[in-house]
Structure formats: structure tokens, C-alpha cells
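Asks: Sequence and predicted structure below; questions after.
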Amino acid sequence: MTIQTIATTPFAGQRPGTSGLRKKVTEFQQPGYLENFVEAIFLTLGALGNVQGRTLVLGGDGRYFNRDAIQTILRMAAAHGVGRVLVGRGGILSTPAVSCVIRKRAALGGIVLSASHNPGGPDGDFGIKYNIDNGGPAPEKITDAIYEHTKTLASYRISDAGPVDLDRIGSIRIEDMEVEVIDAVSDYAELMAGLFDFDAIRALFQRGFTMRFDGMHAVSGPYAKAIIEGMLGAPAGTVVNAEPLEDFGGHHPDPNPVNAADLIALMDGPDAPDFGAASDGDGDRNMIVGRKLAVSPSDSLAIIAANATAAPGYRDGIKGIARSMPTSQAADRVAAALGVSCFETPTGWKYFGNLLDAGLATLCGEESYGTGSMHIREKDGVWAVLFWLNLIAATGKSVNEIVQAHWARFGRNYYSRHDYEAVDAGAANAMMDDLRGKLPSLAGQTLGEGENNYRVQLADDFTYTDPVDNSVSTRQGVRIVMTDGSRIVLRLSGTGTEGATVRLYLERYEADPARHDLDTQQALAPLIAIAEQVSGLKARTGREQPSVIT
Ligand code: G6P
Ligand code: ZN
């Protein structure tokens, strides 16, 4: 075994996006592509302090290229003097589990291999993300430094050691570095058992409560099986598609009503169980489903917040709620009722890190099917599902009853997201630029037809100043806020891998319980029309319809 220095040249475009570097597998397979990015991570860590002898956590969602990437990263970690790497058995660790293990074992950080909900397989996507010692995604100053290094690299360092057996629990060495293959589930399961009332949930299943958890052939399957079927005693078969597959069985592992169509069909049909749930590729997203009701992620955050004390881990109440800017304002109403702060951050879980570390927020959520809390520094799919199970067990109410009671108390924020995927990047950027140019003239204008008109209260491109470190993030999305609190938000996705993806977010508040069962798209139709009138989205992108509506 020796450490080699291999000459390389920079690859363009290795700037991490909303959630790390995500590219096609074929791009990652170019000689040196992964190595360059990993070298840039180690150079950044080296400049920040001492990597020597420290512990890193490493794992991924099991998608195609996961095992190859892990072998490469292990050999590079050894060449950079890392003391120990904890790697999940089979190369598997969900994103929340990486965060949990970093915190529990006081590691320097971790590397997560995933492109989250993006499709996998040889023609699919791959991704790599660095998490810091609080267990959360690296903040911008670190991802920017990584990117700067990728632009100037001339070589990378790697051991020529042979591959590690990732399927056997135990320790071996590469150079002076220890590689410890750990059980992927146990640390995480122990954390969950400390937060939720497992006895009450076990009793719920004993009383005949039925559930389907769809693992979507992605990484949350092993966690859900071990916890929901194993520890909580749900009948075998409650967790379906539980085996992680390299191509996720050819499906798109994104828990929303469009991609988890089987689950939605089941929950809409005569054989619906009491509760349905799904998680995404790397296990950090969740979808909560009742009978004929997919709970909007924004509502799920608000409902969890309003009922937080039902779960033992949150018995003493919450300190604050944080949501991303495009997420609906349902949580704001709960925060106001509880008398706690509500923070509005840019899209991306990394922006919650400082708020959680400073104890300013206890619960966080995003419209993109992400919910989580101070227990780790990533969003957490299985955690959200367990929270709902705990809530159902504690209240004796169904998902539908819980949601309806919430709307009756707080009002309903009708909410939808329209995605225009893989559109021409030039056209999308030009549309956003023109829209930004119009913003100063929008405030005070009345938009829309007849009685469906709205007066614009505020129109801006969202800027966030982090209250903890005062860092400023600009151009985080255009928002057009109406005088009644209804909103239109437009931004470009930071996680797409092809062209540009335009996201249009729509929200309308309805206080009157007599109008809480409207069709969401109909309820939002006037705002959809205004969005088109203001942005020319369809004309500019040449699309008649959104690619996905959630
Ligand atoms: C990932 C991130 C989330 C983000 C979502 C959508 O899941 O972890 O924080 O909300 O992607 O991001 P995008 O930039 O594509 O809208
Ligand atoms: Zn994910």
C-alpha cells in the first residue's frame, strides 16, 4: 500500500447546488471527476483545521455507483490522513442516519452519496455532499471554498490499497486509517426510540391499526422495516418496496402524489389502510397520506408543530419553527398561536443549521416534502412518519380528522407547486431576469380578473440574513405577496441536472371552514392566471403545462 499523487486537470461546473454536487452518473464516471471533487473537499477541510486523525462518516442511498464511489473516497481519505471512517454496511446510510452518526460519534463530518429523489441507474443521477460536525450540510462558505479548489486542481492524492469488504461489520485498515463498517440502522433507531412513544405506537398496531410504508426501493426501506415492523410490531408486509435497488426499480424515488402513484391509488381505494407514508431515495423526505388525502408538506409541518407536545421528545414545547420561503405560511399561524418565533429561510436544509444550533428553532420544514427537527441536522423521512404515528396513537384520531381539526382551528392554506422541468436554461434565466426587472412596479398594483383580483403588497427577490452569523443570501426567489397573504413565488431549482427547472409556488389562505374542501387547483386558479400574466412562464419556456404538479 502506498499513497500516490495523480496528475489531474479541473472539470468545469463542479459547483455544489442546493444539496451538493449532482450530475449524471456518466459524468461522475469520467476518470478523475469524482476524485477531483473529493480532493477539493479534503483541501477545504485541510485549510480549515486538522483532518489528521479525525473521524468521518461515509455512506449513501445505494444507487448505482455508490459502492465504487465509496471505495475511491476511502482510499483518498486514507491518503489525506483521516484517522477513521465509519461506513454503513453495504455502503448504505440514509441522509438522516449520516447526520445522526456524525453527531453521536462526534465526527469531523461526513460524506453523503446521493442524488436524493433523482432517478438512479447507469443513465440516472449521482451526487455527493459534505456535512459538517453538527451533522448538517456544509454552509455556503465551505461549498464555495470546495468549488474554488475544483477550479485549480493539478493533482489528487489516493492510496493504491485494494477494495474494502463493505458487507462485513468490523474494522480493517487502509494505510494508517481505520475503516469501521457499522450497522446502518442501529444508532438511528435508538435515537427515534428516545423521541417517540414507542409503547403507545406498539399498542396502536396491536389494536389492529393498518399502515403502508412505501420505501420506493430506496434507502429508507431497511430503516422502516427495522423500526416499524421490528420495534413497533406492525405486521410483516406493512413496509413495501423495502429493498434498496441500484436503480430504485426504475421508479422515481420521490414521495409525492405523482411519483408514489401506487400508494395514492391504494389510499384512494376500498382497501385503504388507516395510514400511508413514503420516503425518497436517501430517506430524508416524507409524504403523509390519509384516506383520499395526501397531506401537503406545509400542512404537515404546521400540524406537527401545533401538536408537538404529544411526542415525548418535544414534551416541553418548541422554541421556534423555521420554514423555507416557498413553504406555505400555515406554520406561521401555529407559531403565532404558540407565541414562538417563525423563521423564513431560503430553499435548502443547510439554512436551518444555524437556527437549530443556536436553539432558535426546534422544528423545520419545506414544501418539498421535507420535515425535521433539532434531533439531527437533516430533514428526516422516517422521523416524520413516526411523529404522525405518535400523534395518531396519542389522539386516537385518524389522519383526516387531525388535518380537518387543524384547518378548522387555524384556517387552510391552499398550496401547490408547478414544476417546469428541463426547460432551456437561457429562456428560464431570461424570464427570471425580466421578472426581477418588473418587481419594483408591481407593489400596489391590482392583478387578476373581476372579483378574483388581488392587490400586491410586496414584490421582491428574497434576501435572507442569517440571524446567527449575519451572512446574507441574495436572489433566493421572486415572491409576489398579496394584501390577503396569498402568494406567488417563482424560482429556479438548484437540484436539477438537466437544463433548468422552473418552480412556481402558489398559496391562498382560506379562513372559512365552509370553503375548506375545494379542489386545490381550482382554489388557486386565479393566482395561477396572475403568475402567467406577470411572468409569461408558458410562453417563455414553450410549455403548455407544468411537468409535475404537487
Ligand atoms: C433537496 C434539498 C431541499 C430542497 C429541495 C428542492 O431536497 O435538500 O432543501 O428544498 O431539494 O430544492 P430545489 O432547489 O430543487 O427547489
Ligand atoms: Zn432526499
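Replies: Here it is on my side, so go on. Numbering: from 1, shown residues only. Ligands and ions are numbered 1, 2, ... in the order given.
Asks: Leaving out sequence neighbours, find the closest residue to H251.
Replies: M216 (6.1 Å; Cβ to Cβ, 6 or more residues apart in numbering). (Each C-beta comes from the backbone N, C-alpha and C, glycine too.)
Asks: From ligand 2, how far out is the closest residue to A459 other than its chain neighbours?
Replies: Excluding its sequence neighbours, the residue lying closest to A459 (Cβ to Cβ, 6+ apart) is L442, at 3.8 Å. Distance of L442 to ligand 2, given as Cβ to the ion, to the nearest Å: 34 Å.
Asks: Can you give me the pLDDT of L442?
Replies: As predicted, L442 sits at a pLDDT of 95.
Asks: Let me see the contact set for it.
Replies: L442 makes contact with V456, A459, I480, V534, according to Cβ atoms under 8 Å, 6 or more residues apart in numbering.
Asks: tell me which of those is nearest to T238?
Replies: Nearest to T238 out of the contacts of L442 is I480 (Cβ to Cβ; 43.5 Å).
Asks: interface residues of the protein facing ligand 1?
Replies: 18-19, 116, 324, 347-349, 366, 368, 370, 493-495, 503 (Cβ under 6 Å from any ligand atom).
Asks: so what's the backbone phi/psi at Y454?
Replies: phi -130, psi 140 (degrees, to the nearest 10).
Asks: got it, and P440?
Replies: phi -60, psi -30.
Asks: G110 too?
Replies: The phi/psi pair for G110 (degrees, to the nearest 10) is phi -160, psi 160.
Asks: Quick check: bridge partners of it?
Replies: Under the criterion DSSP bridges, G110 forms beta bridges with V57, N131.
Asks: Would you check how far apart it and Q404 are?
Replies: According to Cβ to Cβ, to the nearest Å, G110 stands 40 Å off from Q404.
Asks: what does V38 give?
Replies: 50 Å.
Asks: Equivalent analysis for P326, please.
Replies: 25 Å.
Asks: just P96 next, same as before
Replies: Taking Cβ to Cβ, one finds P96 at 29 Å from Q404.
Asks: Please apply the same query to R89.
Replies: For R89, the distance to Q404 - Cβ to Cβ - is 43 Å.
Asks: What segments of the stretch 301-450 of the chain are strands?
Replies: Taking DSSP state E, counting those that start in this stretch as the test, the strands found in the stretch 301-450 of the chain are 320-324, 341-345, 363-366, 370-373, 412-423, 446-447.
Asks: no no, the stretch 151-300 of the chain
Replies: Counting by DSSP E, counting those that start in this stretch, the strands of the stretch 151-300 of the chain are 155-159, 170-174, 177-182, 211-214, 239-240, 275-279, 286-290, 293-294.
Asks: OK, now which residue of the protein is nearest to ligand 2?
Replies: Closest to ligand 2 within the chain is S116: 3.1 Å, counting by Cβ to the ion.
Asks: Assumed that residue was part of a strand.
Replies: No. The assignment for S116, made by DSSP: H, G, I helix; E, B strand; the rest coil, is coil rather than a strand.
Asks: neighbours around it, how many?
Replies: For S116, the number of neighbouring residues by other Cβ atoms under 10 Å comes to 27.
Asks: so how many other residues sit close to P526?
Replies: Neighbour number of P526 under other Cβ under 10 Å is 20.
Asks: who touches K319 in this structure?
Replies: V340, S341, G359, L360, A361, T362.
Asks: check contacts around I228.
Replies: I228 neighbours (Cβ under 8 Å, 6+ apart): M211, F213, A234, T238, V239, V385, L389.
Asks: of those, closest to ligand 1?
Replies: V385 (16.8 Å; Cβ to the nearest ligand atom).
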